[in-house]
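Q: Below are the sequence and a predicted model; questions follow.
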Protein chains: 4
Amino acid sequence: MKVAIIGATGYSGAELFRLLHGHPHVDRCDVYSSSQDGIHLSESFPHIGDIDDVVLHKLDIEALAKYDAVFFATPPGVSGEWAPALVDRGVKVIDLSGDFRLKDGALYAQWYGREAAPAAYLERAVYGLTEWNREAIREAELLSNPGCYPTATLLGLAPLVREGWVSEDSVIVDAKSGVSGAGRKAGLGTHFSEVNENVKIYKVNTHQHIPEIEQMLGTWNEAMEPITFSTHLIPMTRGIMATMYAKAKQPLSLSDLLDLYKTSYEDSPFVRIRKPGQFPATKEVYGSNYCDIGLAYDERTGRVTVVAVIDNLMKGAAGQAVQNFNLMMGWDEAEGLPSLPIYP
Amino acid sequence: MKVAIIGATGYSGAELFRLLHGHPHVDRCDVYSSSQDGIHLSESFPHIGDIDDVVLHKLDIEALAKYDAVFFATPPGVSGEWAPALVDRGVKVIDLSGDFRLKDGALYAQWYGREAAPAAYLERAVYGLTEWNREAIREAELLSNPGCYPTATLLGLAPLVREGWVSEDSVIVDAKSGVSGAGRKAGLGTHFSEVNENVKIYKVNTHQHIPEIEQMLGTWNEAMEPITFSTHLIPMTRGIMATMYAKAKQPLSLSDLLDLYKTSYEDSPFVRIRKPGQFPATKEVYGSNYCDIGLAYDERTGRVTVVAVIDNLMKGAAGQAVQNFNLMMGWDEAEGLPSLPIYP
Amino acid sequence: MKVAIIGATGYSGAELFRLLHGHPHVDRCDVYSSSQDGIHLSESFPHIGDIDDVVLHKLDIEALAKYDAVFFATPPGVSGEWAPALVDRGVKVIDLSGDFRLKDGALYAQWYGREAAPAAYLERAVYGLTEWNREAIREAELLSNPGCYPTATLLGLAPLVREGWVSEDSVIVDAKSGVSGAGRKAGLGTHFSEVNENVKIYKVNTHQHIPEIEQMLGTWNEAMEPITFSTHLIPMTRGIMATMYAKAKQPLSLSDLLDLYKTSYEDSPFVRIRKPGQFPATKEVYGSNYCDIGLAYDERTGRVTVVAVIDNLMKGAAGQAVQNFNLMMGWDEAEGLPSLPIYP
Amino acid sequence: MKVAIIGATGYSGAELFRLLHGHPHVDRCDVYSSSQDGIHLSESFPHIGDIDDVVLHKLDIEALAKYDAVFFATPPGVSGEWAPALVDRGVKVIDLSGDFRLKDGALYAQWYGREAAPAAYLERAVYGLTEWNREAIREAELLSNPGCYPTATLLGLAPLVREGWVSEDSVIVDAKSGVSGAGRKAGLGTHFSEVNENVKIYKVNTHQHIPEIEQMLGTWNEAMEPITFSTHLIPMTRGIMATMYAKAKQPLSLSDLLDLYKTSYEDSPFVRIRKPGQFPATKEVYGSNYCDIGLAYDERTGRVTVVAVIDNLMKGAAGQAVQNFNLMMGWDEAEGLPSLPIYP
């Protein structure tokens, strides 16, 4: 099994390399870049050391067509342009960018401010929210890996929304993210002295992950209305917490809530439901592919609070990509993924 | 003018000392403790250095009765026990703890898990949310300084709630706080290795600041219903951001919103309203007494988002206490408070 | 292969559990504690989730005698008391505490302020600085795992000191450590608000790792004189950097230096020597068992600078313990250890 | 008194603005930039809020000639080019950059990689290490403010070197700095995800502050030889700790050492010497102009350890600049400087 990563000089690409380099079924993992050529990956990422042969190649369709699977961990627009040619040549493509997540090209153009990939490929792309789409993923040729915020949000809301337990117009998501979600490109917004000892809110009501979340919620429940979705930058490197609020249609008990979630995820090894009164912290999934979920119901207000945490570079990017890759190849979905978070 | 701080070995007490030590109208600031006696304050806080005469004394009513004003920066229960005797002797008391914030002693007992201060003094206590209570504060003998979360939340919600622009059952507050809000007492929950690179949610639907917030909201608008209020621990030392969501009763324009807030706070030097599309970050008020507020209205959902930030030890504790002290003494409310935050 | 960890509620114990739980040759890893009994490890460490059967047992020699190997990740004094009985029953013991590191019991008493373990066992204990002691480690019954600071320091100094390239009275070690090295016990010195945005120096000239380092240096070069050794607390969770200075006896070239180090460690997969002009950062070994080393020679002063970094919980504790365990069991030393650091 | 800051969009410039805006003898503080024109300073630094008239002007000698004093907080090369013209017109200039620190223009060219300012002005420039140069500073027309590392290092070494208590070839300085010392320009080296949870060493033996330190040491003691000087980047925003090592010529007692330092600095309000066995941490001078110093003597090695901490933007830049400005104007040197650090 030979695989390639395009965009290995970004954080998701580096995390993919970590996972695929140690994956028991991957014999060889090569690295490509849209911007660099001929240098060893350790020039960009000294932590990988002087492993033989890990030299960055320039993106080239002929060369890439020889791999069994190709991962795109690239900025917007790259996979939209290059992935179709690879799919046509029978290469399995796993795309970590947002280029194939929205079925509606016009919506993509509106939220991403650029032209969408060809409609036929948007249609063929399978949305890789693993826990809720395993059958389609097993057959996928073009896998669109979910965004980091949508992963935490959708795993947290799925049972409630699918069962129709909460009012369709009542969903508010207050998300907090570590800085690695902004990528490796330096800018004032991610400058240490500006981010450290600071909390910032950004893209209020305008984050491009909103339509991705709403698209999936609408699939589960046609009556869903637009959500309120806010994103905050936290002075840490990894981790997303989505704190979600929704109005229960009927009074609930916490034990009903917990039962619903436990049943929903009983066959999902990477989703862990916390005990009554306990809530997950982002550090408790650090470096792992877990999504941990805690739940509360407030009798005073009739609202449910759902707290979902992930490591944005793992379950929110590279980890879920490998989980989907495993399913596409017919392996156990946990193959090559660490069984425990790194703590503290 | 001679003042005393009780509880100078905690963070709010240290911050009070910083402010009062440099206050132009304070000739002498002595320090008291409920637990330590006879040691120099620098044994506990080396940053203050070997300033003459700053020796911790044990709490003693006779000694304290000689001060013009006494600040309590103490754990729950201390001021409730000792402040009445000082008030009776004509000493102005500014209490930074929660002991006199709730008018209803039963509510205090329920949320704080201990007996309330005598009802007569609960009644006499003036709630020191400066911007909305200046007249009463000027006459106060027993000033109850607001909690950190209530300060950010109430300053952020006041205009909307007072004007009745939002549905009374729709208010959700998602608050994020630095760790200094938890005080100086060491515990696993504030251990560096547990908090660093981590976001935690805590006291879900059970924080003791909820009734304090609802009490004030109810004063402004009798129709207000219970709020949903969540608190998160952020890996930083200082700062609170309250992100608040509420449903507009009628469609709004952002400029109407901004006008309302600017008008509401035009005579309040410590509240700054951000321009359209701009939102404050906690670091932008670090070390200062400002509360900065940003606003958004989302046409898709009909919801208003209010973002309010403060330094929890300043506007959320010692800074607001000095602001109230200034008013009680008939001075300009900004006296002795830094005119600019420290950045970065 | 059945193993047990005593002290699984500390950070080194948790890290050992992470490694041994995923170790390909370990069928079962049980957890013991000197303080807790009967609770699931996840009560203490929620990140491990609800893995079956990971319940803390109270330290009990009879029960422990049934394991193939037992790891002590305990405070000073515990293994000194309990390990001999296990060794006597033929259990392989790997001790991560300092109890068996110093051959001279009087020296232990002086620096640790408590009585040493029985001399016969101090004698039998094999010092597990893997890269310089593999033969003895393979035969060890009682393995004394090096301290975190000594590991970084000794790996960094070994080639220079063994070859006698530097003056024996000129060695200065300025070490910087993340906070997890201080363990999980909460105290003011590790309280988030005190450590964050701060650098502190501690135990100046009095750290108990000094005699451990000097003992090994003396083994390599009898002429070595006492070293100057300083430790600093850095606002991060994991990582140690030792910056080391020594006077060259003769003028050197950087390429000679690099050659010496590359040759010294050419058969050591976990020591990586950086290229000329490049120096390692602690994050570049995060979560891994690597020790990365950078070198400089300054013609102006005739001094060598050696920079060595490790993850204090991995190569400085649990990782090196597993590396030694592998050798004791006759396996490849890298078995069960991650092949790449986690970055960023 | 009208003053101007050139380079107000950098961190030192912002800190200068904070101090001068609140300075009791400064009526007006205008802001200039070499790159921006016409925008309000709050566009760049929202923390200052909508203060009237704080609009960035483009650097212009005619306009600047009208101020009583002009501060340069600019990148290398700017003040070297522009300051002479202002000095010629009788404007007092305080330069926070390195352009006038080295008396020897050739040395500047060698370490800074660019041409030095005119020799006549290098000669006229007064080096503003306040505590050791007050007389000259009072008369200065062109004040060259010391670098951040030299300030901590020189204040820490001065008594020992001036008295000749330590071997002239034995001085090693291991310095640790927060990230704000690298300025506000974004780059991979100051990207949050790269710096957080990380320690890096940089410019090993090549930092441009080395000749500045050695120049002053040589003034104090002609026999001084080159020093070893290392700089480390710490995951915090503000603060420098210099840990310094030197060999005592004769055995010393700690009390002799402390007496020497106390005597040396008894008239210096901003230098505080710690008690025996106590050492300063960077956070203990945060936001203040203090340099705190701790001392140790190790009988085992005969070495002195000196630990000096400053806030790099205060005593290491803007604070010391204002201290010098005060002397140049004939005021108390503490005027307009905060009397206490901000903690925690």
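A: It's in.
Q: how about the residues of the stretch 51-200 of chain A near chain C?
A: Counting by Cβ under 8 Å from any Cβ of the partner chain, the stretch 51-200 of chain A comes close to chain C at A:180, A:184, A:196-197. (Each C-beta comes from the backbone N, C-alpha and C, glycine too.)
Q: For those residues, pick the one with the most neighbours.
A: Comparing those by number of neighbours (other Cβ atoms under 10 Å in any protein chain shown), residue A:180 comes first, having 29 neighbours.
Q: List the residues that contact it.
A: Residue A:180 sits next to A:11, A:237-238, A:312-313, C:344, D:193 when contact means Cβ atoms under 8 Å, 6 or more residues apart in numbering or on different chains.
Q: just the helices in the stretch 151-300 of chain A please.
A: Taking DSSP state H, counting those that start in this stretch as the criterion, the stretch 151-300 of chain A carries its helices at A:192-195, A:209-220, A:254-264.
Q: out of these, nearest to residue A:75?
A: helix A:209-220 (15.5 Å; Cβ to Cβ).
Q: Could you give me the buried positions within that closest one?
A: Along helix A:209-220, these residues count as buried under the neighbour rule (16 or more other Cβ atoms under 10 Å in any protein chain shown): A:209-217, A:220.
Q: near chain B at all, it?
A: No - Helix A:209-220 is not in contact with chain B by Cβ under 8 Å from any Cβ; minimum separation 8.6 Å.
Q: how many other residues sit next to the residue in the stretch 201-344 of chain A positioned nearest to chain D?
A: Going by Cβ to the nearest Cβ, chain D is nearest to residue A:237 of the stretch 201-344 of chain A, at 4.9 Å. The tally of other residues near residue A:237 (other Cβ under 10 Å) stands at 25.
Q: Not counting sequence-adjacent ones, nearest residue to residue A:30?
A: Closest residue in space to residue A:30, ignoring its immediate chain neighbours: residue A:4 at 4.7 Å, by Cβ to Cβ, 6 or more residues apart in numbering or on different chains.
Q: Helix, strand, or coil at residue A:30?
A: Following DSSP: H, G, I helix; E, B strand; the rest coil, we place residue A:30 in the strand state.
Q: Next one: residue A:82 relative to residue A:98, how far apart?
A: Separation of residue A:82 from residue A:98 (Cβ to Cβ, to the nearest Å) stands at 15 Å.
Q: that older thread, output those of the contacts of residue A:180 also counted as contacts of chain B.
A: Okay, of those touching chain B (Cβ under 8 Å from any Cβ), that's A:237-238.
Q: for the contacts of residue A:180, which one is nearest residue B:54?
A: Proximity of the contacts of residue A:180 to residue B:54 (Cβ to Cβ) peaks at residue A:237, which lies at 40.1 Å.
Q: Pop out the phi and psi values for the closest one.
A: Residue A:237 adopts backbone torsions of phi -90, psi -50, taken as degrees, to the nearest 10.
Q: ok now do it, which residues does it touch?
A: By Cβ under 8 Å, 6+ apart, the residues touching residue A:237 are A:178-180, B:197, C:344, D:192-193, D:196-197.
Q: Same question for residue A:150.
A: A:101, A:129, A:209, A:212-213, A:216.
Q: Next: residue A:171.
A: Counted by Cβ under 8 Å, 6+ apart, residue A:171 has contacts A:157, A:161, A:217, A:224, A:227-228, A:244-246.
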